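Peer 1: below are the sequence and a predicted model for it; my questions follow.
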Amino acid sequence: MLDYPGKTACIVWFAGCNMACSYCYNPDIVTSKGQMTYDEVLTFLEKRKGLLDAVVLSGGESTRAKEIVEFTKRIKNLGFLVKLDTNGSMPHIVDEMLGMKLIDYVALDFKSLLGNFYRITKSKLFSRFEIVLKRLIESDVAFEVRTTFHDSVLCVSDLEEMCKYLVGKKYQGNYYIQHYFNGSKTIGSLNDSHVRLEDKSIESFGLKVEIRN
Ligand code: SF4
C-alpha cells in the first residue's frame, strides 16, 4: 500500500540506471542485468488478476528499459493500474506513455536543483527532469514529487529553494521529503544522516510539504 497510495500493488524492479545517486540503496539493481523476461513477469501477473490492483514500475530506471512502452501496454491490458517511479530522465518515454494513457500515477524524483544535481546523481540530466515535471504538471495524471534527504548532500536551505522552484513551476500537488535511512549498502557508502526534519522545519512558500519516515 505504501508503494501505490491506497492500492495493493507489486513492484517490478528494473535493472540499470542512468544516475548513480550517492544515497541509492539499490546498487545491486542499478548494476545488474535483470533476472526475468517480460513474458515471465506477465505470466506472474496474469495469475494475480483479481488479487492485486496495481503494478509499480521501479528500479533502477524503468523508462530506460527496451520496449518499456509495449510492456506497460500489456500490463494495462491485463487490467492493472500502473504507477511509474522515475528519476525523470527520459521525457520522450514518459510523454509516449502519458499520450497512450498507460500510467495512472507517477512518483517523480526531484534530486536537487541544477547546482547540486551532478554531485548527487553523477549525471547531467537536470534539464530532462524539468521537461518531465512540466509535462506532468500539464497532464491530468495524478503524480507526486519527492526528494530523498541526507544531510551530507542537501541542507534545509536547498530544500527551501526546491520548494520555491516547484511553486514557480505552478506545481500544486504534495511534495514529499523522505529521510534517508542507513541500514543497507549505498552507491556512495553514506553514513547516517543526522538532521531530522519536521513539517515546520522548512519554509515551503505555500507548497504542501510532507515529511515521510
Ligand atoms: S536512487 Fe538514483 S541511482 Fe538509485 S535507482 Fe534511483 S535514480 Fe537510479
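Peer 2: Great, that's in hand. Predicted model, so just to flag it, every value in this text is computed and none were measured.
Peer 1: for Asp28, grab the count of nearby residues.
Peer 2: 12 (other CB atoms under 10 Å). Where C-beta positions appear, they are placed from N, C-alpha and C, glycine not excepted.
Peer 1: do the one 5 residues further on as well
Peer 2: Other residues near Lys33 number 6, with proximity taken as other CB under 10 Å.
Peer 1: using the three-state scheme, assign it.
Peer 2: coil (DSSP: H, G, I helix; E, B strand; the rest coil).
Peer 1: mind checking how far the closest residue to it other than its chain neighbours is from the ligand?
Peer 2: Spatial nearest neighbour of Lys33, excluding adjacent residues (CB to CB, 6 or more residues apart in numbering): Ala15 at 5.6 Å. As judged by CB to the nearest ligand atom, to the nearest Å, Ala15 and the ligand stand 10 Å apart.
Peer 1: just Glu61 next, same as before
Peer 2: From Glu61 to the ligand the distance is 6 Å (CB to the nearest ligand atom).
Peer 1: thinking again about what came up before, check what pLDDT the residue nearest to Lys33 gets.
Peer 2: For Ala15, the pLDDT comes out at 96.
Peer 1: and it, its phi and psi?
Peer 2: For Ala15, the backbone dihedrals are phi -80, psi 140 (criterion: degrees, to the nearest 10).
Peer 1: pLDDT value on Met1, please?
Peer 2: pLDDT recorded at Met1 is 57.
Peer 1: go on, Gly60?
Peer 2: Each residue has a pLDDT score; the one for Gly60 is 94.
Peer 1: and for Thr8?
Peer 2: Note on Thr8: pLDDT of 95.
Peer 1: His194: what's it in contact with?
Peer 2: Asp151 (CB atoms under 8 Å, 6 or more residues apart in numbering).
Peer 1: give me the secondary structure label for it.
Peer 2: Strictly by three-state DSSP, His194 counts as coil.
Peer 1: buried sites along the lowest-mean-pLDDT helix or strand in the chain?
Peer 2: None of the helices or strands of the chain scores lower by mean pLDDT, DSSP states H and E than helix 27-31, at a mean of 89. Judged by neighbour count using 16 or more other CB atoms under 10 Å, the buried positions of helix 27-31 are 27, 29-30.
Peer 1: which bits of this structure sit near the ligand?
Peer 2: By CB under 6 Å from any ligand atom, the residues of the chain that approach the ligand are 17, 19-21, 24, 26, 30, 59-61, 87.
Peer 1: 8 Å - rerun?
Peer 2: 17-21, 23-27, 29-30, 59-61, 87, 89, 109, 111, 121, 148, 187 (CB under 8 Å from any ligand atom).
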